[in-house]
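Colleague: what's the 3D shape of this:
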Amino acid sequence: QVEWLQAAVAKIPTRFVFESALELMSTTSVGSFDMKPSPDGTKAGPPPAVKAVLAKFGSGKEEDKLVGYLSFLKIGPALLRFVPGRKARDLRNWLTVYGYWNQGGRENVEEAFAYVAQQYLSDPATAAGAGAESSGGLPGGVGALKPSPAIKPMIETPALGLYHPDLERAGKPYPTTVKAYMEWYKAERAAAAGLPTDAPTVAVLLYRKHVITKQPYLGDLVHALEESGVMPVPIFINGVEAHTVVRDMLTTDHEQARRAAGVRDIDSLKPGAALVDAVVSTVGFPLVGGPAGSMEAGRQAEVAQAILSAKNVPYIVAAPLLIQDIASWQKSGIGGLQSVILYALPELDGAIDTVPLGGLVGDDIYLTRERVYALADRLTKWVSLRRKRAAERTVAVMLYGFPPGVGATGTAALLNVPRSLEAMLRALQNEGYDVGPGPLPSGEAMVGALRELEQ
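Modeller: This is a model prediction of the structure:
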C-alpha cells in the first residue's frame with residue numbers, strides 16, 4: 001500500500017503528508033522545501049538558519065527532538081518571517097498548514113486547505129499583480145506564491161492538557177498542569193466520585209486528537225475507572241511526547257525515596273510532578289516517539305526502560321483498537337498490525353498486562369465496559385501488591401518440565417537451572433521475602449525433590 005501510494009502521489013507536485021508512514025512523509029514537497037533524503041541516504045531538512053532556530057526548542061536530548069518540533073509549531077511561522085530565502089518561506093507555509101492540521105477540528109482543517117489554495121493553487125496572473133513570485137507549484141503555470149494571506153486564528157486545544165468529561169460538558173478550559181487539575185478535582189469532582197481514601201492514583205495517557213474529535217470512549221473510560229475505585233489523572237498528548245510526561249510530570253514513592261537518599265535518576269523532573277501508583281497508556285506504540293518514532297528501535301526501548309525503571313511502578317498499555325472494529329475483534333481476535341501496536345512494541349519498553357478496551361464502530365471509538373472494569377481490577381491488585389511488605393507477598397516459581405516423567409524438570413539449554421534457582425531465592429531473601437526457616441537448600445536438592453514428585 002505504501003509503495004502504491006508513493007507512486008501515486010509522485011504525480012502531484014505540491015504534497016503535504018502528515019502523521020503517516022515515514023516513507024510517505026518523505027514525499028512531502030512544498031515549493032522549494034521537501035523531505036526526501038539525498039542520494040547518499042542523508043535525511044533532508046530545513047536550511048541552516050532554520051536548523052539554528054529549531055535547536056533552541058526542546059531539551060537537547062535525542063529522544064526529545066519531536067517534542068521540540070511540536071513546541072516550534074506554535075511560533076515557528078512567525079519566526080521564519082525573518083529568515084531569508086525561498087526555502088525558509090516554503091517551510092513556514094508547511095509549518096502553518098501543519099499547525100492548523102495538528103489542532104484538528106473541521107474549522108481548522110478547512111482553514112488549512114484555504115491557505116494551501118491561496119499559496120499554491122492561485123491564478124498566476126492575479127498573484128503576479130500582487131507582487132508574488134513563481135513557485136513552480138502546479139503544471140500549466142498555476143502555482144504562484146502569494147504573500148501570506150490573512151487567515152483566521154486557530155481554534156486551539158492545548159498541546160498537552162488534562163481531561164475530564166465534567167470539564168468537557170461544562171465547556172471549561174482543560175488544565176495544562178497536573179496541579180491545576182488536582183485542585184479542580186478536589187473542589188468540584190471528588191465528592192461526586194466518592195473514591196475510597198486509599199484509591200490508587202493512576203496517570204492515564206490519552207490521544208489529544210480524540211479529545212478534539214470528542215470520541216465517546218473518553219468519558220466512559222474516566223467514569224468507569226472512578227466507579228471501580230481508581231483515581232484517574234487523564235493527560236492528553238499528541239503521542240510523540242508520552243515519555244516526557246512520564247519522565248518529567250509524574251513521580252512515585254520509589255523515585256522520591258531515591259531522591260531523598262541523594263540519587264537522581266531523572267534530571268528533568270518538574271517540581272509539581274504528580275505522585276502516582278501506576279501509569280496506563282491508551283496510545284499504544286513505543287513510549288518514546290509514539291506512533292512517529294524518534295530514534296532507532298533499540299535506543300528507543302533503552303531510553304523507555306531507563307525512564308520506567310526510575311519510576312518503578314506498573315506501566316500498562318490498555319487501549320481501544322484504533323485500526324480494527326469491535327465486530328472483527330469479537331469474531332477473529334486482534335489482527336496482526338493491531339497486535340504489534342498494542343502488544344509487541346510496548347512490551348519492548350517494559351509494559352505489562354495489556355488490556356484491549358474497545359474498538360471502532362463506524363468512525364467512532366467505543367469501549368467494552370467489562371474490559372475497563374477488568375483493567376481497574378488489575379490496577380487495584382497491582383498497587384495493593386506493591387503496598388504489601390515483601391514478607392507478605394506470595395511468589396510462584398515455575399520451572400520447565402516437559403515431557404513429564406523423563407527427568408526434564410529443571411532443565412534448559414545453556415542454563416544452569418539449579419544454580420539460577422538458588423541465586424534467585426537468595427536475592428528474594430535479601431529483599432525481605434519469606435523463603436522459609438533455616439538455610440536455603442541447594443538448587444540441586446530442590447530440582448531433585450520436584451523430579452521425585454513426578455514419579
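Colleague: doesn't Ala408 make contact with Glu454?
Modeller: No. Distance between Glu454 and Ala408: 9.1 Å, which falls outside the contact criterion (C-beta atoms under 8 Å). (C-beta placed from N, C-alpha, C; glycine too.)
Colleague: These two: which is more packed in?
Modeller: Summary of the neighbour comparison: Glu454 and Ala408, criterion other C-beta atoms under 10 Å, with Ala408 having more neighbours (15 against 12).
Colleague: quick one: contacts for the more buried one?
Modeller: Contacts of Ala408 were listed using C-beta atoms under 8 Å, 6 or more residues apart in numbering, and they are 400-402.
Colleague: ok so, going back, so for Glu454 and Ala408, which residues contact both of them?
Modeller: When C-beta under 8 Å, 6+ apart defines a contact, the residues bordering Glu454 and Ala408 alike are Gly401.
Colleague: Which one of the contacts of Ala408 is nearest to Met446?
Modeller: Gly401 (12.8 Å; C-beta to C-beta).
Colleague: quick check, that closest one in a helix?
Modeller: No. Following the definition DSSP: H, G, I helix; E, B strand; the rest coil, Gly401 is coil and is not counted among the residues of a helix.
Colleague: Could I get the pLDDT score of it?
Modeller: The predicted local distance difference test score for Gly401 is 90.
Colleague: For it, give me phi and psi.
Modeller: With angles defined as degrees, to the nearest 10, Gly401 shows backbone torsions of phi -160, psi 50.
Colleague: hmm, which helix or strand of this protein has the shakiest average pLDDT?
Modeller: Of all helical and strand segments in the chain, the minimum by mean pLDDT, DSSP states H and E falls on helix 124-129, at a mean of 44.
Colleague: And the next helix or strand past that helix?
Modeller: Next helix or strand after helix 124-129 toward the C-terminus (DSSP states H and E): strand 161-162.
Colleague: Paired strands for that next one, with orientation please.
Modeller: Looking at strand 161-162 with DSSP bridges, its partner strands are strand 231-237 (antiparallel).
Colleague: export the partner strand as CSV, just CAs?
Modeller: Below are the C-alpha coordinates for strand 231-237, written out as CSV (Å, rounded to 0.1, in the frame of the first residue of the first chain):
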residue,chain,number,x,y,z
MET,A,231,-8.4,7.8,40.8
PRO,A,232,-7.6,8.7,37.2
VAL,A,233,-5.3,11.5,36.1
PRO,A,234,-6.1,11.7,32.4
ILE,A,235,-3.4,13.5,30.4
PHE,A,236,-3.9,14.1,26.7
ILE,A,237,-0.9,14.3,24.4
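Colleague: Tell me how far that strand lies from the chain's centre.
Modeller: Taking C-alpha atoms, centre = their mean, to the nearest Å, one finds strand 231-237 lying 12 Å from the centre of the chain it belongs to.
Colleague: so is Val280 in a helix, a strand, or just coil?
Modeller: Under the three-state scheme (three-state DSSP), the conformation of Val280 reads as strand.
Colleague: and what of the one 10 residues further on?
Modeller: With three-state DSSP as the basis, the three-state label of Gly290 is coil.
Colleague: So what's the residue count around it?
Modeller: The burial count assigned to Gly290 is 23, neighbours taken as other C-beta under 10 Å.
Colleague: Surely it touches Thr244?
Modeller: No. With the criterion set as C-beta under 8 Å, Gly290 and Thr244 do not qualify as a contacting pair; they are 10.9 Å apart.
Colleague: ok, residues contacting stretch 356-365?
Modeller: 210, 215-217, 221, 282, 318-326, 329, 334, 342, 366-368, 371-372, 375.
Colleague: Sitting in strands, which of those residues do you find?
Modeller: The strands in this structure, assigned by DSSP state E, contain 366-367 from those.
Colleague: Flag every buried residue along stretch 230-249.
Modeller: By neighbour count, with 16 or more other C-beta atoms under 10 Å as the criterion, the buried positions of stretch 230-249 are 230-249.
Colleague: and what of stretch 381-396?
Modeller: 382-383, 386.
Colleague: List just the nearest of those residues to Ala260.
Modeller: So of the buried residues of stretch 381-396, ranked by how close each gets to Ala260 (C-beta to C-beta), first place is Arg386, at 18.4 Å.
Colleague: report the angle between the axes of the helix or strand hosting that closest one and strand 231-237?
Modeller: Arg386 belongs to helix 369-387 when assigned by DSSP H and E. For helix 369-387 and strand 231-237, the angle between their directions (axes from the mean of the first three to the mean of the last three C-alpha atoms, to 10 degrees) works out to 110 degrees.
Colleague: and helix 369-387, what other elements does it pack with?
Modeller: Applying 3 or more C-beta pairs under 8 Å, 6 or more residues apart in numbering; DSSP states H and E, one finds that helix 369-387 contacts helix 217-227, strand 278-281, strand 315-317.
Colleague: Report the mean per-residue pLDDT for it.
Modeller: Here helix 369-387 scores 96 as its mean pLDDT.
Colleague: got the CA coordinates for that helix in CSV?
Modeller: Extracted as CSV, the C-alpha positions of helix 369-387 are listed here (Å, rounded to 0.1, in the frame of the first residue of the first chain):
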residue,chain,number,x,y,z
ARG,A,369,-17.2,-1.7,29.6
GLU,A,370,-16.3,-5.0,31.2
ARG,A,371,-12.7,-4.6,29.8
VAL,A,372,-12.3,-1.3,31.7
TYR,A,373,-13.6,-3.0,34.9
ALA,A,374,-11.0,-5.7,34.3
LEU,A,375,-8.3,-3.1,33.9
ALA,A,376,-9.3,-1.3,37.1
ASP,A,377,-9.3,-4.6,39.0
ARG,A,378,-5.8,-5.4,37.8
LEU,A,379,-4.6,-1.9,38.6
THR,A,380,-6.0,-2.2,42.1
LYS,A,381,-4.4,-5.6,42.7
TRP,A,382,-1.0,-4.5,41.3
VAL,A,383,-1.0,-1.5,43.6
SER,A,384,-2.2,-3.5,46.6
LEU,A,385,0.6,-6.0,46.0
ARG,A,386,3.2,-3.2,45.9
ARG,A,387,1.9,-1.8,49.1
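Colleague: Just the angle for that helix relative to helix 217-227, thanks.
Modeller: An angle of 50 degrees separates the directions of helix 369-387 and helix 217-227 when computed by the same axes, to 10 degrees.
Colleague: On the C-terminal side of helix 369-387, identify the next helix or strand.
Modeller: With elements assigned by DSSP H and E, the helix or strand that comes after helix 369-387 is helix 417-430.
Colleague: Which strands and helices lie in contact with that next one?
Modeller: When contacts are defined as 3+ C-beta pairs under 8 Å, 6+ apart, helix 417-430 packs onto helix 443-454.
Colleague: in the helix it packs on, what's buried?
Modeller: Within helix 443-454, the residues that qualify as buried by neighbour count (16+ other C-beta under 10 Å) are 443, 446-447, 451.
Colleague: Which of those residues lies at the shortest distance from Thr394?
Modeller: Within the set of those, Met446 lies nearest Thr394; the separation is 17.5 Å, counting by C-beta to C-beta.
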